[in-house]
Structures are given as structure tokens and as C-alpha cells.
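Student: Provide a 3D model corresponding to the input given below.
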Amino acid sequence: MAADQINVEVCYATDTLTFLRALRLDAGATVQQALDVSGLAIEVPGIDLAAMAVGIYGKKKALDTVLREHDRVEVYRPLIADPKHARRRRVRKAEQAG
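Tutor: Modelled structure (predicted):
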């Protein structure tokens, strides 16, 4: 592999769709450039990448973050339910059942 290129992945998932694209980019490429090259916006019509959070291996990152070899760029969907409220509901349900 040439030292001036890196291998990265871009991923996005919903209940019905899994998008995973391996890319080879020039060293110094950013998260935004990986998203642009990945074709995600074309394959998932209606996705608003400007409004969605992104990260690398579960840690939120800015679009201008420079990528490193084997990074996985993840596009995060908004939460449907507040995790705290969901946990409280599960606890209440378990208490009522037990």
C-alpha cells in the first residue's frame, strides 16, 4: 500500500438498511471527504448528513477530523426514545411483574 493513501470504512444502519463501504483515500482526508466519496447520500435518499452526528468507532467527531488508517466513520441516527425513560419503563414493568 502506498504511504500516501489510507483505507477507511463508512457505515450507516437503520432497521431495514445496512450501508458499509470500504474506501481508499488520500492521506489527510477528512470525515466529510469520506462521506462525500462513499455515495451514502445517493444510496439513502432523504438522508440529511449535515444534520446528523458522525463519529469514529463510537466517539463523536467533527466533519473536519482527519482520518487515520482503518478508521470507521459512523453516521448516527437521532435517538427515537430517551434511554433514561426507556430504562425507567423497563424497571417499572419488571417491578409490576415480580
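
Student: May I have the longest helix along the chain exported as CSV, CA atoms only?
Tutor: Scanning the chain for the helix with the most residues, using DSSP state H, yields helix 83-97. In CSV, the C-alpha atoms belonging to helix 83-97 read as follows (Å, rounded to 0.1, in the frame of the first residue of the first chain):
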residue,chain,number,x,y,z
PRO,A,83,-32.6,5.9,27.1
LYS,A,84,-33.3,7.1,30.7
HIS,A,85,-37.1,7.0,30.1
ALA,A,86,-36.8,3.6,28.4
ARG,A,87,-34.9,2.2,31.4
ARG,A,88,-37.5,3.5,33.9
ARG,A,89,-40.3,1.9,31.9
ARG,A,90,-38.4,-1.5,31.9
VAL,A,91,-37.8,-1.2,35.7
ARG,A,92,-41.5,-0.4,36.4
LYS,A,93,-42.6,-3.2,34.2
ALA,A,94,-40.3,-5.7,35.9
GLU,A,95,-41.5,-4.5,39.4
GLN,A,96,-45.1,-5.0,38.4
ALA,A,97,-44.4,-8.4,37.0
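
Student: For the lowest-mean-pLDDT helix or strand in the chain, which residues meet the burial criterion?
Tutor: One helix or strand of the chain scores below all others by mean pLDDT, DSSP states H and E: helix 83-97, with a mean of 83. The neighbour-count criterion (16 or more other CB atoms under 10 Å) identifies no buried residues in helix 83-97. C-beta here means a position set from N, CA and C on the backbone, and glycine is covered the same way.

Student: Contacts only, for residue 58.
Tutor: Listed by CB atoms under 8 Å, 6 or more residues apart in numbering, the contact set of residue 58 reads residue 74.

Student: count of residues packed around residue 6?
Tutor: The tally of other residues near residue 6 (other CB atoms under 10 Å) stands at 21.

Student: how near is it to residue 12?
Tutor: Residue 6 is 20 Å from residue 12, where distance means CB to CB, to the nearest Å.

Student: Ok, residue 46 next?
Tutor: 13 Å.

Student: Tell me which of these two has more neighbours.
Tutor: residue 12 (23 against 5).

Student: Need the pLDDT of that one.
Tutor: Residue 12 carries a pLDDT value of 96.
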